[in-house]
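Novice: Got a sequence here, can you build the structure:
(chains A, B, C and D)
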Number of protein chains: 2
Amino acid sequence: MTDVARLAGVSHQTVSRVLNNHPSVRPDTRERVLRAVTELSYRPNAMARGLASRRSRVLGVVSFDTILYGPASTLLGIERAARRAGYGVSIVALERVDRAGVLSAVDGLAAQGVDGVIIIAPQMAAAAALHSLPRGMPAVAVETGPEGVLPAVSVDQAAGATLAVRHLLELGHTTVWHVAGPGDWLEARDRVHGWRAALEEAGAPVPPVISGDWGARSGFTAGAALAGRREVTAVFTANDQMALGLLRALHERGVRVPDDISVVGFDDIPESEFMLPPLTTVRQDFDEVGRRSMAALLRLINSARRGGGPNGGGSHGGPDSRGPQVGESSEDGGEADEEVGASVVPPTLVVRRSTAPPRA
Amino acid sequence: MTDVARLAGVSHQTVSRVLNNHPSVRPDTRERVLRAVTELSYRPNAMARGLASRRSRVLGVVSFDTILYGPASTLLGIERAARRAGYGVSIVALERVDRAGVLSAVDGLAAQGVDGVIIIAPQMAAAAALHSLPRGMPAVAVETGPEGVLPAVSVDQAAGATLAVRHLLELGHTTVWHVAGPGDWLEARDRVHGWRAALEEAGAPVPPVISGDWGARSGFTAGAALAGRREVTAVFTANDQMALGLLRALHERGVRVPDDISVVGFDDIPESEFMLPPLTTVRQDFDEVGRRSMAALLRLINSARRGGGPNGGGSHGGPDSRGPQVGESSEDGGEADEEVGASVVPPTLVVRRSTAPPRA
DNA sequence: TCATCGATTGTTAGCGCTAACACTACTGCG
DNA sequence: CGCAGTAGTGTTAGCGCTAACAATCGATGA
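Specialist: Sure, this is the predicted structure:
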């Protein structure tokens, strides 16, 4: 930096000012400095910057060690939003998702000097860790239900399930069966809740829940069980993979979809559009989740730095500081917003060809 | 740190020594310092550390913005290996994979202060960027073929394809058709090469390549085209997703697998085991890829620091400094090792139920 | 005309840590 | 008995940057 300063004929501090686009630098000075920067192909040292300014412009994401569509997409959504805001993203993929795992991951990230963390914690065990995070570390939870300790962003799972069920009921089905995800996943629970609520609201009978594990195999098993029962005309599976397995099982047994049984999935994975028949499913907007969690985290970081101010002016990196973005979904989620703030992204129903009215 | 030093009754330097487990500290002193650290729940400041020592203990991974099984698994493998070695992982997911994209990603990572980067660049366009990386940044390429400019780690795609083809030929098929991946992917090309080579080696006729795009739909299309031809008895698809589509198309048209046509995929995604019928496929060991690329990168980082020394003693972070781990695969890859070093991980064939001898 | 003010720039201190060297015991040896 | 050698520890300088304050300049208004 000293070299740049010398070449531009200014002090190193002026160089620093230009780099952080501080307002009061004369345009021609700025010009000169920038030219010197280019000429020397100078790159500021992130460590020194971080040390002096106490911010690293890197945030941490705690995810887990799997290639499930939801978590992976969420991670990508966050990365995209972070990059746009001028932040780097450091990840930790948990091997075991439990309290200790989450805690040590956050610790590791803290030791790495991240400005804040976003925790993708869709399982109960992980959510439990949220209570005992290190003080002073800005943190946002994603897909973790209303834990209340942290600002949380999630897709409204219950609403998605309701969407699916209503769609089927409106087609004329008397009830809808449900193949659920693993019981320790919050998303699985919420989908069950939404399903049950929609059924009850419509006065429809509530069949027993069939439990699965997100894998295609468990959908297959469920399908095998359901194929024989003539009273089953509509099934809502908690994700698309299980729907895939279910479709297979039905097909194998000569049960036609949607003629004999209608099927709705959840996630809208790339394959869904292409299943046989193309799957009606519930789409989650992971990009929006990424954007909102990023916005919430930035708010937290800034208020932590300014001792409580609401939203600091962004400096250097991000052209993208869309202010009112979180908390705008005022209509939905009946739960009283925790004071820490929760943001719920509405899912949408993608109607394809796996759903139809029941046989007359 | 000063506080810790005071509490332990030593100098701050001694505290530093303990933290970096420097050898010459008396056990009881170390003990005392550690106690003080715990009591004050002191956490070293990564920035300051990095600034003073010129290493961040974070490495960057350039990947791209998709949830394809291969790249995602590789990322996880790298993350796991890095964590084990005491390194953090910062990621950039490219939206467009081209020279400029890769370069700017590496730049961003460099600005973040990573000690080195691992580039997952399975496309030609990305591989092209490898030539113009910033000097002085230790870098390793993954799944990028023998570019020669960087140490590279990859699964031996051609060998995998050969495995698949030989398996089918040994079952008695006279030839094997191939549904390839997109032409700008190195892996797709290598699989084509391996397929063709194995066929030629056996003196079998080489049918025209059917091209796909990794997606299930293109496999379906290919399957639809192939289903009608009685001379087709064996198909090797360049990934499992396409195999899935292919199986569907065949099934829909009443072609039985494996009775009428045998199918082999590539990747061994979780669903493969469960397809109808369970898919014979080629498995890639992404964990091994992660370990090797990590080891190669560490070697590079250390030699850059010591001006050529082979392998420096690990400090603080990793209890796990498995020295001789890479380069041990002396038997495989016939290609002359580029002087920068290339490491090839052998794939394995997983035989399931989608392959059988042809109809007599 | 002179004090005042704001815009622009420079100067001075660290940020919290590690590296390099200096220093103090000891130990072993001739 | 004295010297080198070797733990173990302390002292001193920065690492490259930003924050806070000081200084300069021209323009403004009384």
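
Novice: The helix ranked longest in chain A and DNA strand C, any residue contact?
Specialist: Taking DSSP state H as the criterion, chain A has its longest helix at helix A:286-305. No - Helix A:286-305 stays clear of DNA strand C (C-beta under 7 Å from any atom of the strand), getting no nearer than 13.8 Å. From N, CA and C alone the C-beta is placed, and that goes for glycine too.

Novice: burial count for A:Pro27?
Specialist: Per other C-beta atoms under 10 Å in any protein chain shown, the neighbour tally for A:Pro27 reads 7.

Novice: Kindly provide the distance from it to A:Thr281.
Specialist: Distance, A:Pro27 to A:Thr281, using C-beta to C-beta, to the nearest Å: 54 Å.

Novice: Same question for A:Leu130.
Specialist: 29 Å.

Novice: Please identify which of these two sits among more neighbours.
Specialist: Counted by other C-beta under 10 Å, A:Leu130 and A:Thr281 do not tie: A:Thr281 has more neighbours, with 31 against 21.

Novice: Spatially nearest residue to the spatially most central residue of chain A (excluding sequence neighbours)?
Specialist: Centroid-nearest residue in chain A: A:Thr74, 4.0 Å away (criterion: C-alpha atoms, centre = their mean). With sequence-adjacent residues excluded and distances taken as C-beta to C-beta, 6 or more residues apart in numbering or on different chains, A:Thr74 is closest to A:Phe286, at 5.1 Å.

Novice: likewise A:Leu34?
Specialist: A:Leu34 sits nearest to A:Val18 (C-beta to C-beta, 6+ apart), 6.5 Å away.

Novice: So the one you found lies in a helix, does it not?
Specialist: Yes - counting by DSSP: H, G, I helix; E, B strand; the rest coil, A:Val18 is found in a helix.

Novice: Compute the number of surrounding residues for it.
Specialist: Neighbours around A:Val18, by other C-beta under 10 Å: 21.

Novice: cool, A:Glu170 as well?
Specialist: When neighbours are counted by other C-beta under 10 Å, A:Glu170 registers 11.

Novice: and it, what pLDDT?
Specialist: A:Glu170 carries a pLDDT value of 97.

Novice: likewise A:Asp107?
Specialist: Predicted confidence (pLDDT) for A:Asp107: 89.

Novice: ok, now which ones touch it?
Specialist: Contact analysis of A:Asp107 by C-beta atoms under 8 Å, 6 or more residues apart in numbering or on different chains lists A:Pro134.

Novice: Distance of it relative to B:Ala85?
Specialist: Applying C-beta to C-beta to A:Asp107 and B:Ala85 gives a distance of 17 Å.

Novice: If we ignore the residues flanking it in sequence, what's nearest the residue in the stretch 51-200 of chain A that chain B sits nearest to?
Specialist: For the stretch 51-200 of chain A and chain B, the shortest gap (C-beta to the nearest C-beta) falls at A:Gly113, measuring 3.5 Å. Closest residue to A:Gly113 apart from its sequence neighbours, by C-beta to C-beta, 6+ apart: B:Ala46 at 3.5 Å.

Novice: Confirm for me that that neighbour is in contact with B:Ser53.
Specialist: No - the criterion here is C-beta atoms under 8 Å, and B:Ala46 misses it with B:Ser53 at 10.4 Å.

Novice: which of these two has more neighbours?
Specialist: Legend: neighbour count by other C-beta under 10 Å for B:Ala46 and B:Ser53, higher for B:Ala46 (24 against 13).

Novice: Distance check, the more buried one against B:Leu247.
Specialist: 50 Å.

Novice: Same question for A:Ser343.
Specialist: 41 Å.

Novice: Look at A:Leu276 and tell me its secondary structure.
Specialist: With three-state DSSP as the criterion, A:Leu276 reads coil.

Novice: so what's A:Val10 up against?
Specialist: Contacts of A:Val10 by C-beta under 8 Å, 6+ apart are A:29, A:32-33.

Novice: Nearest to DNA strand D, out of those: which one, please.
Specialist: A:Val33 (11.4 Å; C-beta to the nearest atom of the strand).

Novice: pLDDT at the closest one, what is it?
Specialist: In this prediction A:Val33 is given a pLDDT of 90.

Novice: still on that earlier bit, looking at A:Ser343 and B:Leu247, which one has more neighbours?
Specialist: Shown here are A:Ser343 and B:Leu247; by other C-beta under 10 Å, B:Leu247 has more neighbours (27 against 23).

Novice: is it true that the residue of the stretch 51-200 of chain A closest to chain B touches A:Val58?
Specialist: Yes - shown here, A:Gly113 and A:Val58 form a contact pair, counting by C-beta under 8 Å, at 7.1 Å.

Novice: Quick check on these two: which one has the bigger neighbour count.
Specialist: Legend: neighbour count by other C-beta under 10 Å for A:Gly113 and A:Val58, higher for A:Gly113 (28 against 25).

Novice: quick one, phi/psi of the more buried one?
Specialist: Dihedral pair for A:Gly113: phi 90, psi 30, per degrees, to the nearest 10.

Novice: got it, and the one 4 residues further on?
Specialist: For A:Val117, the backbone dihedrals (degrees, to the nearest 10) come out as phi -130, psi 150.
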